[in-house]
Structures are given as structure tokens and as C-alpha cells.
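Visitor: I'll drop the sequence and a predicted model, then ask my questions.
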Amino acid sequence: ETGVTQSPTHLIKTRGQQVTLRCSSQSGHNTVSWYQQALGQGPQFIFQYYREEENGRGNFPPRFSGLQFPNYSSELNVNALELDDSALYLCASSLGREGYEQYFGPGTRLTVT
Amino acid sequence: AQSVTQPDIHITVSEGASLELRCNYSYGATPYLFWYVQSPGQGLQLLLKYFSGDTLVQGIKGFEAEFKRSQSSFNLRKPSVHWSDAAEYFCAVAGANDYKLSFGAGTTVTVRA
């Protein structure tokens, strides 16, 4: 059974640029959630996708957007990067619309300069 | 909206000693509660969860947690700590119709020889 994988591992971008982060769900899971973890803080919920549709969104601006594909993999896109977007971005997969038991990937460390 | 408070930012414990990490939550209905562990540079690993039933739940790596509704608490315990338990621990809460996880700020555990 393959766990949740994320790419890339690390990324450095310049303020104002755009970035795309990728996530592959654990085998059999059809729900993906994205979280932002700033240094020294707990993860903050960005949004969740269930069967290719957004199933909930946290307090993040519209420049944070996402996609889920038919194979349940997912992308997180961030436009117009700001310095405060520097964080660890975590993807979690779960089973079903009420997928409370979420399994996390290793994360992508994004640095915005 | 649900929230989680982890009162202890940092705990140092001797190897072989017991460990207790505190977690207090705020949620209007029956919460779903979780404990995750994060080792440096890695994603989150689910230690245990509480949905309903027996208020004392057992998890992986010898951890257990007790749900106390009257105190709005879900404290994590381990009878004898190993050096490999040094990590950051996060308590999280979700609601019956709100599938996002709300995390506390985390407690860093240091294990001394």
C-alpha cells in the first residue's frame, strides 16, 4: 500500500510568482485535504476535495486554489506569492466525504524570498 | 468554530519516565479528537483517535488518551518514554459535519538520557 506522497520536497520562489504543489493520495482514498504549517505553529486547513469537488475551505484568500484529478491526486496552486506564504504545505488523504481519519504526506517546504 | 489549546509549549522528560501532554478543546457538539506526532522534517503521523464509546483510547507506540467531556480535555499519556519519542505532538479536533481538522499549536517533547 502506497502512502501519501508530495512533490517537490523543497521549493524556493520569489514574491509575486506562482507555485504548484502536488499530492498523490494513499491507495483507495478519494478525499484530499491541504494544510499550511507555518514555522512553530500547528497546521491550518486550506481546503478539502472529495471526488474532484471542493468540499470545504478555510480562511485563505482566493489566490490559494486547488484541483483534484480523476485518480484522486491533487494540486495546490498559489498565485502572487507573499513572504508570509513561506511554510510547510501538507497534504492529507482520507476515505469518503466524512473522512476524519486523515493520513499525511511528508510535506513541501516553500520558501518565498 | 472549534479550537484546540495545548497549554505546554515544551516538555522535557527523562527516558523511562512517564509523559502526559495536555489538550483542551472547544466545540459545541460531540467532537472527534486526534493526536498526531511530527518528527523533524516529516509529516504528521496519526497516534490515536476518539470518535465515540470508551473514553480511554489506545494508540500506536504505546500511547493512550482519555476523553473527559466535563473538562473538555483529551490528554495524551505514555507510561515509559523512549528516546525515539522526542518529537512535536499535535492535538486536533473535527466536528460531525465539518471535516477539517483544527490543530493546536503543538507541544515539543525532549527526552533526556
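Guide: Ah, there it is.

Visitor: Can you name the residues of chain B that neighbour chain A?
Guide: Proximity of chain B to chain A is confined to B:4, B:32, B:34, B:36, B:41-46, B:49, B:51, B:90, B:92, B:94, B:98-106 under the rule Cβ under 8 Å from any Cβ of the partner chain. All C-beta atoms are positioned from the backbone trio N, CA, C, and that covers glycine.

Visitor: Any quick ChimeraX command for the buried ones out of those?
Guide: Restricted to buried positions by 16 or more other Cβ atoms under 10 Å in any protein chain shown, the ChimeraX selection for the residues of chain B next to chain A reads:
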select /B:4,32,34,36,43,44,46,49,90,92,94,98,99,100,101,102,103,104,106
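
Visitor: May I have the residues that are in contact with the residue in chain A positioned nearest to chain B?
Guide: In chain A, no residue comes nearer to chain B than residue A:42, which is 3.4 Å away by Cβ to the nearest Cβ. Residue A:42 makes contacts with B:4, B:90, B:92, B:103-106, as judged by Cβ atoms under 8 Å, 6 or more residues apart in numbering or on different chains.

Visitor: 6 Å instead, please
Guide: B:90, B:103-106 (Cβ atoms under 6 Å, 6 or more residues apart in numbering or on different chains).

Visitor: Going C-terminal from the lowest-mean-pLDDT helix or strand in chain A, what's the next secondary structure element?
Guide: Within chain A, no helix or strand scores below strand A:53-57, which has a mean of 90 by mean pLDDT, DSSP states H and E. Heading C-terminal from strand A:53-57, the first helix or strand you meet, by DSSP states H and E, is strand A:64-68.

Visitor: Would you mind listing the buried residues in that following strand?
Guide: For strand A:64-68, a neighbour-count test (16+ other Cβ under 10 Å) marks A:64-66, A:68 as buried.
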